[in-house]
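Q: The following block contains a protein sequence and its predicted model.
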Amino acid sequence: MEQSAFLFSTRGSVDLATKIADYYGQELGKSKIVEFSDGEFVPAFEQPIRGARVFLIGSTMQPTDNLMELLLMCDAAKRASAKSITVVIPYFGFARQDRKDAPRVPIGAKLVAKMLMTAGATRVMTMDLHADQIQGFFEIPVDHLFASTIFVEYIKGLGLDDICIASPDMGGAKRANTYAKYLNADIVICHKERKVANQVDSMMLIGEVEGKNVILVDDMIDTAGTLAKAAELIMSKGAKSVRAIATHGVLSGAAYERLENSMLEEIAITDSIPLKNTSVSKIKVLSCAPLFADVMHLVHSNKSISQRFVI
């Protein structure tokens, strides 16, 4: 007899979780949050989950309450005798802290991994980690999904000729090269220099884009400074058009204004993080719910998920 499966959501990801549940074929489980006057909160499941597989869905974008809520729900599921606890984290926050790149700084992604395991997670499902090696921070299985399964169809649907794939920085060169090989397209790289975090000091283009329809590929958009500057540089070099695809729309600070005023014709992101501003006409949201629901079904049935990787 197949064990039961229940899907629950943190408050910050309820819209995406509802879509995932719809594609999965069942309703979200019943849970509640009790809040104290000082802001402390206590999540609770309102139905038995003993002996069941539990999927806890929640992106860990800011504020940190989103991460804390996921950890508390994980601990609650463990203490309620769930047989297995899969944390489904479409956007894995703190992933940029994947190494000690300066004196006296933490490795935040490792700390988050340890907290999730301590809280009771038995499996992690996420998408487009900022750094692939974060999977090694866990001592439990990690299903690392790629938004390329979503974006490849989007790119093909544009019907563009002379496509060129671009990376907005050197760190994304491997990702851009993978897209370029799959789409049989040229590749260019924007080399940037920073003096401080989130602020690009200078940028140069490696490669030719003249007469090309360029698609910038990245894992996330934060302040959009790099993306806007890269688009301006690419158009100044004679490109026909420039678009962008990015898995996670963090979109902080003046990001929305920068994107609206940029040279980009369109920016496609997934709904791993809910949009704070839906009035920016250039932003197109593609849902990752079908991908997660499909893989969750395969995991629950103990089947291989390798068939869900396009590139």
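A: Alright, I've got the coordinates.
Q: Touching the helix or strand that contains residue 74 from outside, list them.
A: Using DSSP states H and E, the element containing residue 74 is helix 65-79. With C-beta atoms under 8 Å, 6 or more residues apart in numbering as the test, helix 65-79 has contacts from 8, 10-13, 31, 33, 41-45, 49, 54, 56, 58-60, 85, 87, 89, 93-94, 112, 115-116, 119-121. To be clear about C-beta, it is placed using only N, CA and C from the backbone, and glycine gets the same treatment.
Q: now stretch 16-32
A: 5-10, 14, 43-47, 49, 57-59, 73, 88, 90, 271-272, 274, 287-290, 292-294, 296-297.
Q: So which of those residues belong to helices?
A: The members of the contacts of stretch 16-32 that map onto helices under DSSP state H are 14, 73, 289-290, 292-294, 296-297.
Q: Return a ChimeraX selection command for the buried portion of those.
A: Buried residues among the ones in helices among the contacts of stretch 16-32 (16 or more other C-beta atoms under 10 Å), as a ChimeraX selection:
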select :73,289,290,292,293,294,296
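Q: Next, count neighbours for residue 186.
A: 16 (other C-beta atoms under 10 Å).
Q: do the same with residue 302
A: Residue 302: 7 surrounding residues under other C-beta under 10 Å.
Q: Is it located within a helix, as I assumed?
A: No: under DSSP: H, G, I helix; E, B strand; the rest coil, residue 302 sits outside any helix and is assigned coil.
Q: for the protein, what spans make up the strands?
A: Using DSSP state E, the strands of the chain run over 5-9, 31-35, 41-45, 53-57, 84-89, 123-127, 142-145, 163-167, 186-196, 199-206, 213-221, 241-249, 267-270, 283-286.
Q: rank these by pLDDT, which is bottom?
A: For the strands of the chain, the bottom mean pLDDT is recorded on strand 199-206, which sits at a mean of 74.
Q: The nearest residue to residue 176 once chain neighbours are set aside: neighbour count?
A: Computed as C-beta to C-beta, 6 or more residues apart in numbering, the closest residue to residue 176 that is not its neighbour in sequence is residue 167, at 3.7 Å. Neighbours of residue 167 under the rule other C-beta under 10 Å: 25.
Q: my guess is residue 167 contacts residue 192, does it?
A: No: using C-beta atoms under 8 Å, residue 167 makes no contact with residue 192, being 10.3 Å away.
Q: Can you say which of the strands of the chain is packed in most?
A: strand 53-57 (a mean of 27; mean count of other C-beta atoms under 10 Å).
Q: Off-centre distance for stretch 301-311?
A: Stretch 301-311 sits 18 Å away from the centroid of its parent chain (C-alpha atoms, centre = their mean, to the nearest Å).
Q: Residue 32 pairs with what?
A: residue 44 (DSSP bridges).
Q: how far away is it from residue 75?
A: 16 Å (C-beta to C-beta, to the nearest Å).
Q: ditto for residue 26
A: Distance from residue 26 to residue 75, by C-beta to C-beta: 24 Å.
Q: Compare these two and say which is more crowded by neighbours.
A: Using other C-beta under 10 Å as the criterion, residue 26 and residue 75 rank with residue 75 on top: 16 against 11.
Q: which residues does the closest residue to residue 82 other than its chain neighbours contact?
A: Excluding the flanking residues, the one nearest residue 82 by C-beta to C-beta, 6+ apart is residue 54, at 4.4 Å. Going by C-beta under 8 Å, 6+ apart, residue 54 touches 5-6, 8, 77, 82, 84-86.
Q: Which residue ranges make up each domain of this structure?
A: In the domain annotation for the chain, the residue ranges read 5-145, 148-287 (the TED database).
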